[in-house]
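Asks: Sequence first, then the predicted structure:
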2 protein chains.
Amino acid sequence: MAASYLIGLDYGSESARGVLIDTATGAQVASHVHPYRHGILTRNLADGTPLPPDFVLQDADDYTEAAAGILSRLGRGRTVEGIGIGFTASSPLPARADGTPLSRIARDAPHAYVKLWKHNAQAYADAINAHPHPFLAGFGGRVSGEWLLAKAAQVAAQAPELWAATDRFIEGGDWLVWQLTGREARGLGFAAYKAQFSTEAGYPQGIVDGLDRRVTPPLPVGTAAGALTPAWRGRTGIEGPATVAVAVIDSHVVLPAIGAVTPGCFVGALGTSAAYLYLDDRPGRLPDGIEGMAFNGSMRDLWLYEAGQASFGDTLAWFVRTFPRGADMAESFRAYDAEAAALAPAAGRLIALDWWGGNRVPHADGNLSGVLAGLTRETTAGEIYLALMEGLCFGTRTVFDCFTRSGLSPRQVLMTSGLARANPLLVQIIADVLDRPVSVPDIDNATAVGAAIHGAVAGGVVADYAEGARRFGAHDVSRVTPRPAQARVYAAAYRLHGDLGRQDGLRQALHGLRRLDGA
Amino acid sequence: MAASYLIGLDYGSESARGVLIDTATGAQVASHVHPYRHGILTRNLADGTPLPPDFVLQDADDYTEAAAGILSRLGRGRTVEGIGIGFTASSPLPARADGTPLSRIARDAPHAYVKLWKHNAQAYADAINAHPHPFLAGFGGRVSGEWLLAKAAQVAAQAPELWAATDRFIEGGDWLVWQLTGREARGLGFAAYKAQFSTEAGYPQGIVDGLDRRVTPPLPVGTAAGALTPAWRGRTGIEGPATVAVAVIDSHVVLPAIGAVTPGCFVGALGTSAAYLYLDDRPGRLPDGIEGMAFNGSMRDLWLYEAGQASFGDTLAWFVRTFPRGADMAESFRAYDAEAAALAPAAGRLIALDWWGGNRVPHADGNLSGVLAGLTRETTAGEIYLALMEGLCFGTRTVFDCFTRSGLSPRQVLMTSGLARANPLLVQIIADVLDRPVSVPDIDNATAVGAAIHGAVAGGVVADYAEGARRFGAHDVSRVTPRPAQARVYAAAYRLHGDLGRQDGLRQALHGLRRLDGA
């Protein structure tokens, strides 16, 4: 029998990554990274058009360019059974009925571009939240400024002509699947978690004028959206069935790659931001502060509860970039990590509220910002770096406690991502702060492998995700156990972190800062 | 007539500085700096004895060594009419009845050394404050952990045998005068501001066991303590009357050098910490949060109200030292100052609570610590540096508002110190934040010159401080006017700074941080 392959695509914020997996051996044969030509647009568009403050955009054509680059590099001349895609979310764009992104037509219109997940239309979320709609009950009671509804409301309000020319308002991942297969087949995960779709009620009505005409019903994950089109086969040289699965939220797509395919798994995907996922076999009360819960949106026949931190690795990267300690980021990270590892817990008697990108749990408020408290003339840079790490881990526990307070009972805690694998101190602090063992699956390119397993399910290569996980997922796991002395100190520090974050006056002052003019 | 001179000595935290002034021309003829041999002792004594946390000590013999160095360098073979001394406070030490500092006898006993002003015995201040004594009414209602009473209480409690061997508990400045003249002649300023002495009631009774036997009544400023002893004349080569004035608190001694000798002057002495002084010709209600008010303690026949910030230049130096931007501190300061000067006010939408060394006004709480709020992934190092400057200036205004709310009416605002003269941006922000013109007298070695004028008054070279200021003080003044647009932004930011600082829960969390163990 001739060799056949899976391809998994992981569309991140800066670049897309692909892996090629041998279906017979399960081995990763090759991988390839393709940076986006225009990167992240925050100051101006490619033609120089300046962007308003708080705009964080991408060019959809960068996604297809990356797909062409990766698929041809990995797949040319090969028999590919299935292709799966993980994608950042909510990163929606306006398109015509034939799939043409409006950014290809109106190159100088900021609202014609992809609004990357980091783009925060908080004012529009606030307006939606001000008049509670019943549909929100199933979604934590509040819409986030990073979600599709707020972003659609922003386009409709700020660029009505462009909104009128919009036939489809669609997540970048769904749009990419449409390009590759010629078929608009949206993923249930994007719809449920980012656009408040429910299987019973459909999309929410009457929130954004005309939005319901611009979206289409989604399909469960693991569904085949279609096969790669002849044009794409020509462009990439891929042969075989090349079944493309519906796209999946990037933080969810990793689950089968790390063996998180059963009820009771609590998974932290620690990237630039952090997503926390909990799998269960029955629906429950949506925990206060948790953002979403859906069935078939991430894993077949399971419920997945989701929550997150808007800025995670980004916060550490911010510190290291702002206060470098070496010739490049990697050297600075090494220096700070080594210094932090030598310190006692909470060594600087500092507390960092981990709100550099706003706060999701428990405040669901993108207008909050980070706080560093306890500074003295003796505070060292290493102590601040450690406090940032600890603050992020207190954020992890804030989410974890949200789940357990609602009666959910995590049986296993897994942390995944390059950051989790590269930074043993961070994972150790998470174990200390949670006071529970933490497992870190040992697998390269986990997100892309997870996407490939979705392709395997959609293409019928495996019967289900459990088989996909066994054949193509992680085999080794590092287990980190909590240190009792450190856990004691962190229990006290975590209480202070919570006490500080609950101060209404502090949060009001942070809101006031955003309104300072002249700044 | 042969030339005659004045010598002014400015005893700071790291070194002593002396100036030589020609009494006929008023010109500064020479100056000299003598660093303390043992510097500031925080980790261990010279013999290696480790110090408990929060100890900040000095060796009294370093003061006489510095005096010998400076006086012989400036005065040898010269006719010196008067010598004045400004000294950090409260920096008390235990001594025998003959003036021998206990640190010369018990070299390995931490409590035998000078407790430098930065040394904070907050727990003992808290204990004193817990049982309000009537004497405190005239001193802001609270004792600070940096003041003599708290430090005496700490010695008595932690080192009872050493306290039993202590005949005198005396400020470093008063002790130095005693050494130079052979006469224990304490300055009224130290007694009134740092030991809660009042002319009517004397020293407070019954607070620290046996303290009243270890202190002696003070003399008004400008009083001659005595003449330089024959031994010191031999050691330094000084000739003439060499009348030594009673010592003065270093932040007060500057007043005549910058022409602040009349009622209505509000003076900020911006050093490592900041002192704010207000001169009036009548006693008033002591403003809430203001630490002290005394007559004849700083300037003859005037009342002086005092308040301060525990950490001022120290906070900026901490930042520049912790996050360097150049080969040395000076280069880093230049880089940060240039970057901050190019930014709009509150450019980073950050608020810094300027409590790096605790807070004096309005909370009188040395256990508070600094807070930086509003951090995002876009925050730059320059924005943080600017926010620290702005936070310090909001602290200045907090003090200023304390005075004006109590009915005092500053007619003139003066800022003095090397920092005020070297950093035009800082003074500009103070003017913007106060929304008032600010004057910066243009004089080198202002504190030492002020001390020399005290020597001139004590030695009868001038009739009063006004004449001393005219003949020996600053002649030129830079005047900085507020910028209306910036003043508007700062008015809003100052409100946020106050709102944040008033959060009880925030301050409780900062207290909680100090109790974190394992740290």
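Replies: Structure received.
Asks: C-alpha only now, for contacts and for neighbours.
Replies: Fine.
Asks: count of neighbours near residue A:492?
Replies: Counted by other Cα atoms under 10 Å in any protein chain shown, the residues lying close to residue A:492 total 17.
Asks: Same question for residue A:344.
Replies: When neighbours are counted by other Cα under 10 Å, residue A:344 registers 15.
Asks: quick one: it is in a helix?
Replies: No: counting by DSSP: H, G, I helix; E, B strand; the rest coil, residue A:344 is located in no helix; its state is coil.
Asks: What pLDDT is listed against it?
Replies: With respect to pLDDT, residue A:344 scores 96.
Asks: I'd like to know how far it sits from chain B.
Replies: Per Cα to the nearest Cα, to the nearest Å, residue A:344 is found 6 Å from chain B.
Asks: And for residue A:22?
Replies: Computed as Cα to the nearest Cα, the residue A:22 to chain B distance reads 40 Å.
Asks: Nearest spatial neighbour of that residue, chain-adjacent residues omitted?
Replies: What sits nearest to residue A:22 in space, not counting adjacent residues and going by Cα to Cα, 6 or more residues apart in numbering or on different chains, is residue A:5, at 4.7 Å.
Asks: Would you confirm that that neighbour contacts residue A:84?
Replies: No: Residue A:5 lies out of contact with residue A:84 (Cα atoms under 8 Å); the separation is 11.8 Å.
Asks: Which one of the two is surrounded by more residues?
Replies: Legend: neighbour count by other Cα under 10 Å for residue A:5 and residue A:84, higher for residue A:84 (33 against 29).
Asks: got the contact list for that one?
Replies: Residues counted as contacts of residue A:84 (Cα atoms under 8 Å, 6 or more residues apart in numbering or on different chains) are A:7-9, A:244-247, A:451-456.
Asks: Neighbour count for those - can I get that in TSV?
Replies: Compiled in TSV, the contacts of residue A:84 are given as follows (neighbours: other Cα atoms under 10 Å in any protein chain shown):
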residue	neighbour count
A:7	33
A:8	31
A:9	32
A:244	30
A:245	34
A:246	33
A:247	38
A:451	37
A:452	37
A:453	38
A:454	40
A:455	34
A:456	32
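Asks: Just to be sure, which of the residues you listed are found in strands?
Replies: Counting by DSSP state E, those place A:7, A:8, A:9, A:244, A:245 in strands.
Asks: Of those, just say which sits nearest to chain B.
Replies: Nearest to chain B among the ones in strands among the contacts of residue A:84 is residue A:9, at 27.3 Å by Cα to the nearest Cα.
Asks: Without its sequence neighbours, what residue ends up closest to residue A:252?
Replies: Nearest non-adjacent residue to residue A:252, counting by Cα to Cα, 6+ apart: residue A:298, 5.8 Å away.
Asks: who touches the one you found in this structure?
Replies: Counting by Cα under 8 Å, 6+ apart, residue A:298 makes contact with A:188, A:189, A:221, A:248, A:249, A:252, A:253, A:304.
Asks: May I have the phi/psi pair for residue A:25?
Replies: When read as degrees, to the nearest 10, the backbone of residue A:25 gives phi -100, psi -20.
Asks: That one: neighbour count?
Replies: Neighbour number of residue A:25 under other Cα under 10 Å is 12.
Asks: so how far is chain B from it?
Replies: 43 Å.
Asks: if we can go back for a sec, tell me the contacts of the residue nearest to residue A:22?
Replies: Residue A:5 touches A:20, A:21, A:22, A:23, A:78, A:79, A:80, A:81, A:82, counting by Cα under 8 Å, 6+ apart.
Asks: Can you report phi and psi for the closest residue to the fourth one other than its chain neighbours?
Replies: Nearest residue to residue A:23 in three dimensions, chain neighbours excluded: residue A:5, at 5.2 Å (Cα to Cα, 6+ apart). The phi/psi pair for residue A:5 (degrees, to the nearest 10) reads phi -140, psi 160.
Asks: who does the host helix or strand of residue A:306 touch, helix- and strand-wise?
Replies: Under the criterion DSSP states H and E, the helix or strand holding residue A:306 is strand A:303-309. Counting contacts by 3 or more Cα pairs under 8 Å, 6 or more residues apart in numbering or on different chains; DSSP states H and E, strand A:303-309 is packed against strand A:274-280, strand A:292-295, helix A:381-405.
Asks: and that strand, average pLDDT?
Replies: 92.
Asks: gap between the two ends of stretch A:431-450?
Replies: Stretch A:431-450 has an end-to-end distance of 25 Å (criterion: Cα to Cα, to the nearest Å).
Asks: Now find how far off-centre that stretch is within its chain.
Replies: Distance of stretch A:431-450 from its chain centroid, counting by Cα atoms, centre = their mean, to the nearest Å, is 16 Å.
Asks: Equivalent analysis for stretch A:145-159, please.
Replies: Here stretch A:145-159 is found 19 Å from its chain centre; the criterion is Cα atoms, centre = their mean.
Asks: can you check stretch A:159-175 too?
Replies: On the basis of Cα atoms, centre = their mean, stretch A:159-175 sits 21 Å off its chain's mean C-alpha point.
Asks: Can you give me the buried ones in that stretch?
Replies: Within stretch A:159-175, the residues scored as buried using 16 or more other Cα atoms under 10 Å in any protein chain shown are A:162, A:163, A:166, A:167, A:168, A:169, A:170, A:171, A:172, A:173, A:174, A:175.
Asks: Show me what from the stretch 201-350 of chain A comes close to chain B.
Replies: A:314, A:315, A:318, A:322, A:323, A:344, A:345, A:346, A:347, A:348, A:349, A:350 (Cα under 8 Å from any Cα of the partner chain).
Asks: And for the second one, the neighbour number?
Replies: Other residues near residue A:315 come to 25 when the count uses other Cα under 10 Å.
Asks: Unless I misread the structure, it falls within a strand.
Replies: No: counting by three-state DSSP, residue A:315 is not part of a strand but helix.
Asks: show me the contacts for it.
Replies: For residue A:315, the residues meeting the contact criterion (Cα under 8 Å, 6+ apart) are A:272, A:354, A:356, A:388, B:377.
Asks: Please apply the same query to the first one.
Replies: Taking Cα under 8 Å, 6+ apart as the criterion, residue A:314 is in contact with A:271, A:272, A:273, B:377.
Asks: ok, back up a step: state the pair within the contacts of residue A:315 that is farthest apart.
Replies: Greatest spatial distance in the contacts of residue A:315: A:272 and A:388, 13.9 Å, computed using Cα to Cα.
Asks: Neighbour count for those two, which is higher?
Replies: The neighbour comparison of residue A:272 against residue A:388 (other Cα under 10 Å) goes to residue A:388, with 24 against 19.
Asks: ok, that one touching residue A:313?
Replies: No: if you go by Cα under 8 Å, residue A:388 and residue A:313 don't touch, sitting 10.2 Å apart.
Asks: Where does the stretch 51-200 of chain A get nearest to chain B, which residue?
Replies: Closest to chain B within the stretch 51-200 of chain A is residue A:54: 10.5 Å, counting by Cα to the nearest Cα.
Asks: so what's the backbone phi/psi at that residue?
Replies: phi 70, psi 10.
Asks: Could you list the low-pLDDT ranges of chain A?
Replies: Applying pLDDT under 70 to chain A picks out residues A:1, A:138, A:140, A:287-289, A:518-519.
Asks: If we use 50, what do you get?
Replies: Across chain A, the ranges flagged by pLDDT under 50 are A:519.
Asks: Now do the same contact list for residue A:13.
Replies: If you count contacts by Cα under 8 Å, 6+ apart, residue A:13 has them with A:39, A:40, A:88, A:116.
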